[in-house]
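Novice: Attaching a predicted model along with its sequence, questions to come.
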Amino acid sequence: MERRAGRPHEAAALHRAALIAISAAGDRIGQCASRNLLAHALRHQGDLPSALDLHHRVLRDATTLNARYEQARALDGIARCLRAADPAAARSHWTRALALFRQVEAPERDEVARVLAELC
């Protein structure tokens, strides 16, 4: 909510606090979800290197856990970080994200499909 309200710094702080609680509970998929949200907030702060690094770590962990939804969210986040600097790499990541979003029937599939169509 803080990010949507235009307060990405507050959003990042809330996501960091949530990550601590989720980590203490040992919820590894929850940690992936929380780190994806934190990376999203970091991207909105303009900290693309940190967001990109965090999304890559989430992708690795979510792949190990076979958490396809979090894999897709990480791929989407990576693509959003790369869009301006490397559109071809962004397209590749969005293509992979779309396949996973479709597998899990996630609503994000429509947005990612739209973005991919705009890139073509």
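Specialist: Right, received. Where do you want to start?
Novice: just the helices in the protein please.
Specialist: 8-25, 28-45, 48-65, 68-82, 87-103, 108-119 (DSSP state H).
Novice: want to throw those into a markdown table with mean neighbour count and mean pLDDT?
Specialist: No exception for glycine: its C-beta is placed from N, CA and C like everyone else's. Shown next, in a markdown table, are the helices of the chain (neighbours: other CB atoms under 10 Å; pLDDT from 0 to 100):
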| stretch | mean neighbour count | mean pLDDT |
| --- | --- | --- |
| helix 8-25 | 15 | 78 |
| helix 28-45 | 22 | 95 |
| helix 48-65 | 18 | 98 |
| helix 68-82 | 25 | 99 |
| helix 87-103 | 18 | 98 |
| helix 108-119 | 14 | 97 |
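Novice: which residues sit in contact with the spatially closest residue to Thr95 that is not a sequence neighbour?
Specialist: Leaving aside its chain neighbours, Thr95 sits nearest to Leu116 (6.7 Å; criterion: CB to CB, 6 or more residues apart in numbering). By CB atoms under 8 Å, 6 or more residues apart in numbering, the contact set of Leu116 is Arg91, Trp94, Thr95, Leu98.
Novice: same thing but at 10 Å, please
Specialist: Contacts of Leu116 were listed using CB atoms under 10 Å, 6 or more residues apart in numbering, and they are Ala79, Ala90, Arg91, Trp94, Thr95, Ala97, Leu98.
Novice: could I get stretch 95-108 in CSV with only the CA atoms?
Specialist: Provided in CSV are the C-alpha atoms of stretch 95-108 (Å, rounded to 0.1, in the frame of the first residue of the first chain):
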residue,chain,number,x,y,z
THR,A,95,8.6,-14.5,-21.9
ARG,A,96,9.8,-16.9,-19.2
ALA,A,97,7.6,-15.1,-16.6
LEU,A,98,4.6,-15.3,-18.9
ALA,A,99,4.9,-19.1,-19.3
LEU,A,100,5.1,-19.5,-15.5
PHE,A,101,2.2,-17.1,-14.8
ARG,A,102,0.1,-19.1,-17.3
GLN,A,103,1.0,-22.4,-15.7
VAL,A,104,-0.2,-21.2,-12.3
GLU,A,105,-3.1,-19.2,-13.9
ALA,A,106,-1.9,-16.0,-12.2
PRO,A,107,-3.7,-12.8,-13.0
GLU,A,108,-0.3,-11.1,-13.8
